[in-house]
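Here you go, sequence then predicted model.
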Amino acid sequence: MGASAESQWDRPVSPETSAGFAGANPQTKKLKSRHVTMITLGGIIGASLFVGSGNVIRTVGPAAVLSYLIGGLLVFLAMRMLGEMAAARPAIGSFMEYARVGLGNWAAYLVGWLYWYFWVGVLAYEAVLGGETMHSWFPGVPSWAFSLFLIALFVGTNVISVRTFGEVEFWLASIKVLAIVVFLGAGLLFAFGLWPDSTISVSNLWEHGGFAPNGYGVAFTGVALVIFSYFGTEIAVMASAESENPAKGIRQATSTIIWRILLFFVGSVLIIVTVVPWDELPAPTDVANAPFTYALEQFGIPGASIIMQLVIFTAVISVLNSGLYSASRMFSALAEQGFAPKIVAKKSRNGVPIMALLASTIGGLIATIVNFVTPGSGIFDFIMNSAGLVALFVYVFIALTQWRLRQKMTPEEVAGLKLKMWLHPWLNFLLIACIAAVLIVMLTTEGGRTQVWTSLIATGALVLFWPLVRRNLKKRAVRSEEEAVGGDVVAP
């Protein structure tokens with residue numbers, strides 16, 4: 001398991017994608033500690049929790065709590081592995097950069113492009129959802145106009161500086177976190193009969209067919225439904241690399257994720273199935289039927305639907321804001337390594353990867369326009385479904401990369417790690433095995449099979465282009481060697 005004495009991963013992380021990314025310009029305004037803290041707290045709270053949790057509860061019953069718990073533990077393991085690597089070498093390219101060093105260019109190419117493709121799909125989805133929400137408030141304006149407006153608005157916040165992105169995300173995340181905390185507090189009072197006109201409702205956990213009315217096996221099936229709700233936790237690690245104190249931010253982001261999962265996800269779902277009989281929840285077809293909305297109505301809070309609509313809209317635009325940040329950073333990192341056109345790596349004076357941001361925006365715009373121009377063609381659905389396995393791919397690559405990089409390290413480097421993964425490498429193997437199990441479960445459902453096959457098609461398309469990319473990488477390496485040799489020649 002040891003490595004050669006030189007180690008520190010044999011091949012160094014490139015300065016372009018290291019913590020010096022934002023520091024290339026000393027005037028660059030980096031993220032403050034409070035920005036990273038709030039991005040860490042609220043970054044993974046999206047519409048998938050507020051609305052999507054209803055589908056999980058209706059399928060699994062009260063045992064949906066176990067589904068969220070198991071899924072959360074898998075994400076926690078992946079984030080701990082990522083945290084070990086990021087604390088040792090903060091990098092804007094995050095897991096893509098580590099995959100390059102640990103597994104090779106092919107791995108970085110695949111995981112980087114798949115991750116970017118995922119966020120382009122998310123940008124389109126959130127823009128469409130946000131546009132439809134605003135259209136319901138102002139029916140005189142078409143949904144597509146609002147969608148384009150939202151994209152333009154958050155491109156603007158990202159273009160100005162990383163500090164501006166952080167400030168906007170700070171306030172959006174604050175609203176989400178506050179909403180969840182208030183919901184949990186009111187839910188606890190209601191469940192124990194301490195809320196006005198309430199009675200103890202804890203028995204809802206077992207009175208309607210039992211805790212697992214459809215069997216405990218379905219609870220494991222539910223993991224496949226909830227795993228994607230957690231995707232986005234890695235944004236905090238990427239943002240930490242552009243903060244004033246990268247190491248501190250990364251340790252904070254990865255060390256506190258377990259209680260964030262327990263509080264915001266597991267806690268919220270537990271409150272819902274305690275306050276409301278699981279079999280009475282309506283199908284969450286829109287915000288008005290979302291489980292959070294339905295539970296709030298039981299509290300007797302006036303305007304519950306309007307309140308949740310505003311909170312969910314906040315979650316939507318927050319994800320749109322974060323998605324533009326994540327997509328642009330990953331695209332820029334791909335260009336820095338030669339996996340994308342060199343021009344994409346160009347940055348503004350404030351350190352913003354401006355070309356990568358605009359290119360990512362164009363990708364999201366195309367997907368958004370497709371939804372409105374050809375709503376019945378299935379193209380938009382393909383884009384959404386084909387990004388479905390990216391979360392699982394990323395977690396597998398993180399597990400494999402951390403395992404490989406630990407092998408490269410000297411005993412002294414392992415002992416000096418600021419953040420260390422436990423039970424290495426057994427938890428790596430456990431994570432990969434669990435993800436394989438989730439994949440098998442997905443193949444047993446129609447929706448899951450669609451995501452698997454469309455994702456494999458998208459991955460296959462990337463594999464076809466790899467020989468061209470590899471050829472360009474070799475040419476780039478030759479040019480670099482020639483320039484290095486030329487630079488060593490001293491003029492007479």
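Structure's in. What do you need?

And stretch 296-308, end to end?
Terminal residues of stretch 296-308 lie 9 Å apart, using CA to CA, to the nearest Å.

what comes up buried for it?
Using 16 or more other CB atoms under 10 Å as the burial criterion, the residues of stretch 296-308 that qualify are Leu296, Glu297, Gln298, Phe299, Ala304, Ser305, Ile307, Met308. (Each C-beta comes from the backbone N, C-alpha and C, glycine too.)

Out of the residues you listed, the closest to Ala437 would be?
Nearest to Ala437 among those, counting by CB to CB, is Met308 at 33.7 Å.

so where's the stretch 351-492 of the chain shaky on pLDDT?
Counting by pLDDT under 70, the stretch 351-492 of the chain has low-confidence residues at 376-388, 484, 486-492.

ok now the helix or strand encompassing Gly364, how far from the chain's centre?
Per DSSP states H and E, Gly364 falls inside helix 354-373. In this view, helix 354-373 has its centroid 19 Å away from the chain centroid, taken as CA atoms, centre = their mean, to the nearest Å.

Show me what it is packed against.
helix 105-137, helix 143-160, helix 304-336, helix 379-386 (3 or more CB pairs under 8 Å, 6 or more residues apart in numbering; DSSP states H and E).

With distance to Ala78 added, can I get those helices in TSV?
Below are the helices and strands packed on helix 354-373 laid out as TSV (distance: least, CB to CB, whole Å):
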stretch	distance to Ala78
helix 105-137	13
helix 143-160	26
helix 304-336	16
helix 379-386	22
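
what's the least confident stretch among these?
Here those differ in mean pLDDT, and the lowest is helix 379-386 at a mean of 64.

residues of the very next helix or strand once past that one that come out buried?
The first helix or strand that comes after helix 379-386 along the chain, using DSSP H and E, is helix 390-408. Going by neighbour count (16+ other CB under 10 Å), the buried part of helix 390-408 is 390-406, 408.

For the buried residues of stretch 296-308, work out which two are farthest apart.
Gln298 and Ile307 (13.7 Å).

re earlier: please identify the buried residues of the helix holding Gly364?
For helix 354-373, a neighbour-count test (16+ other CB under 10 Å) marks 354-361, 363-365, 367-372 as buried.

count of neighbours near Glu280?
By the criterion of other CB atoms under 10 Å, Glu280 has 11 neighbours.

about what we covered before: the helix holding Gly364 relative to helix 304-336, how many degrees between them?
Per axes from the mean of the first three to the mean of the last three CA atoms, to 10 degrees, the angle that helix 354-373 makes with helix 304-336 is 130 degrees.

if we can go back for a sec, so which of the buried residues of stretch 296-308 is the closest to Ser174?
Using CB to CB, the buried residues of stretch 296-308 come closest to Ser174 at Ile307, 15.9 Å.

residue boundaries of the strands in the chain?
Shown for the chain, no strands are assigned by DSSP state E.

What separation do you get for Ser255 and Glu297?
Distance of Ser255 to Glu297, given as CB to CB, to the nearest Å: 37 Å.
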